[in-house]
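A.B. asks: predicted coordinates and the sequence they were generated for:
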There are 2 protein chains.
Amino acid sequence: MSSTALAPVAVETSPPCGPAPVEAAPGEDVALSIAEVAERTGVTAHTLRYYERIGLLSVPRDEAGHRVYTQAELARVVFISRLRLTAMPIRDIQAYFRLVAAGPGNEDQRLALLERHRDQVKARLTELESALAVVEFKIATYGGNCLP
Amino acid sequence: MSSTALAPVAVETSPPCGPAPVEAAPGEDVALSIAEVAERTGVTAHTLRYYERIGLLSVPRDEAGHRVYTQAELARVVFISRLRLTAMPIRDIQAYFRLVAAGPGNEDQRLALLERHRDQVKARLTELESALAVVEFKIATYGGNCLP
DNA sequence: CCTTGACTTAGAGCGCACTCCAACCCCTAC
DNA sequence: GTAGGGGTTGGAGTGCGCTCTAAGTCAAGG
């Protein structure tokens, strides 16, 4: 996917959530084809089907058997792509959505899973920053071309 | 690897570089076995051999044919591991060290390569931070358990 | 009617970065 | 001398996350 689109999708599952003005967002009752979702999210159609096969997603079909993505599925795709962006392993994402599928009552576990992941991401961020510093040091000293 | 050791190795190719007090660092004339390098850098012996096979590294041998890592090789391993930490593809690291091997005269290309990579890393950092923000938002709203 | 094109499926294939294996060698200690 | 623990090699295997193929279905347009 690299860095395609991914922008115009509403900041993330926010509209019908807790204390937020229920504005009739311009794009309700969406019904998108797989190609449209691919275009909007930057996730290829191939990968969308793959995600569905491995149980990350469950998309209803029309009479012709074609996938029809509504707001909910779209939001989930975006969320998944965000998690993937943070390099959460597919297995963990599966675990998360298995909890979600199991219905209410396990929010603490979902939360724990996300928090654990968040901590890992933060750690990686730090690590990444320090590794970046090394690269920048190398760049900075490329007049005093020392050890390779 | 993961997050093993990697700490006690001197901040990075700095000692004999440009304007720096040439202090007799405590650990000169090092001569380490592959296992010792593995332990110090967190890169497995398997991976060290692999790096050598694919030309990232060239390590002299003793009479018995065993690898002997000196300061230079150790520094390179550390540098490689830092680049890998920033997810630089092996191919690019190979390209970089091919330039290095080609001797002086191509510093501008090496620099360009590193700068390009640095920019990519910075972009990923930003991306990662924003994805992390999404995860944190999700965590924060796990009372108003909205869309999964 | 026939083509075109977007979709469907199950399943195979791919690229990356390791990771491991088998067979062998060499040195040391018992 | 022989067992053990290190090392060596080439090559095969693994896990992940896609990515692609083949064969088929369906609806619209010429």
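C.D. replies: Yep, it's here.
A.B. asks: output stretch A:117-125 as PDB, nothing but the C-alphas.
C.D. replies: Backbone C-alpha positions of stretch A:117-125 (Å, rounded to 0.1, in the frame of the first residue of the first chain) are rendered in PDB as follows:
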ATOM      1  CA  HIS A 117       0.400  -2.600  21.700                       C
ATOM      2  CA  ARG A 118       0.500   1.100  22.400                       C
ATOM      3  CA  ASP A 119       3.400   0.600  24.800                       C
ATOM      4  CA  GLN A 120       5.300  -1.400  22.200                       C
ATOM      5  CA  VAL A 121       4.700   1.200  19.600                       C
ATOM      6  CA  LYS A 122       6.000   3.900  21.900                       C
ATOM      7  CA  ALA A 123       9.100   1.800  22.600                       C
ATOM      8  CA  ARG A 124       9.600   1.400  18.900                       C
ATOM      9  CA  LEU A 125       9.200   5.100  18.400                       C
END
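A.B. asks: other residues contacting it?
C.D. replies: Outside stretch A:117-125, the residues that touch it by C-beta atoms under 8 Å, 6 or more residues apart in numbering or on different chains are A:83, A:86-88, A:92, B:3, B:125, B:128-129, B:131-132, B:135-136, B:139. (C-beta placed from N, C-alpha, C; glycine too.)
A.B. asks: quick one: is the longest helix seen in chain A near DNA strand D?
C.D. replies: The helix that spans the most residues within chain A, counting by DSSP state H, is helix A:107-140. No. Using C-beta under 7 Å from any atom of the strand, helix A:107-140 stays clear of DNA strand D, with a minimum separation of 12.2 Å.
A.B. asks: so A:Val78 touches A:Thr41, yeah?
C.D. replies: Yes. If you go by C-beta atoms under 8 Å, A:Val78 and A:Thr41 touch, sitting 5.8 Å apart.
A.B. asks: ok so, going back, what subset of the contacts of stretch A:117-125 is buried?
C.D. replies: Buried by 16 or more other C-beta atoms under 10 Å in any protein chain shown: A:Leu83, A:Thr86, A:Met88, B:Leu128, B:Ala131, B:Leu132, B:Val135, B:Ile139, out of those.
A.B. asks: now distance to A:Asp62 and pLDDT too, for these, in CSV please.
C.D. replies: Listed next are the buried ones among the contacts of stretch A:117-125 as CSV, based on distance: C-beta to C-beta, whole Å; pLDDT from 0 to 100:
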residue, distance to A:Asp62, pLDDT
A:Leu83, 28, 97
A:Thr86, 33, 97
A:Met88, 31, 97
B:Leu128, 37, 96
B:Ala131, 32, 96
B:Leu132, 36, 96
B:Val135, 33, 95
B:Ile139, 35, 93
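A.B. asks: DNA strand C contacts on chain A?
C.D. replies: Applying C-beta under 7 Å from any atom of the strand, we find that chain A lies next to DNA strand C at A:Ser33, A:Ile34, A:Ala35, A:Glu36, A:Ala45, A:Arg49, A:Arg53, A:Arg61, A:Gly65, A:His66, A:Arg67.
A.B. asks: now with 6 Å, please.
C.D. replies: Taking C-beta under 6 Å from any atom of the strand as the contact definition, chain A meets DNA strand C at A:Ser33, A:Ile34, A:Ala35, A:Arg49, A:Gly65, A:His66, A:Arg67.
A.B. asks: for these, which two are the farthest from each other?
C.D. replies: Spatial extent of those (C-beta to C-beta) is set by the pair A:Ala35 and A:Gly65 at 15.3 Å.
A.B. asks: between those two, which one's more packed in?
C.D. replies: Using other C-beta atoms under 10 Å in any protein chain shown as the criterion, A:Ala35 and A:Gly65 rank with A:Ala35 on top: 12 against 6.
A.B. asks: relative to B:Val135, how far out is the more buried one?
C.D. replies: 28 Å (C-beta to C-beta, to the nearest Å).
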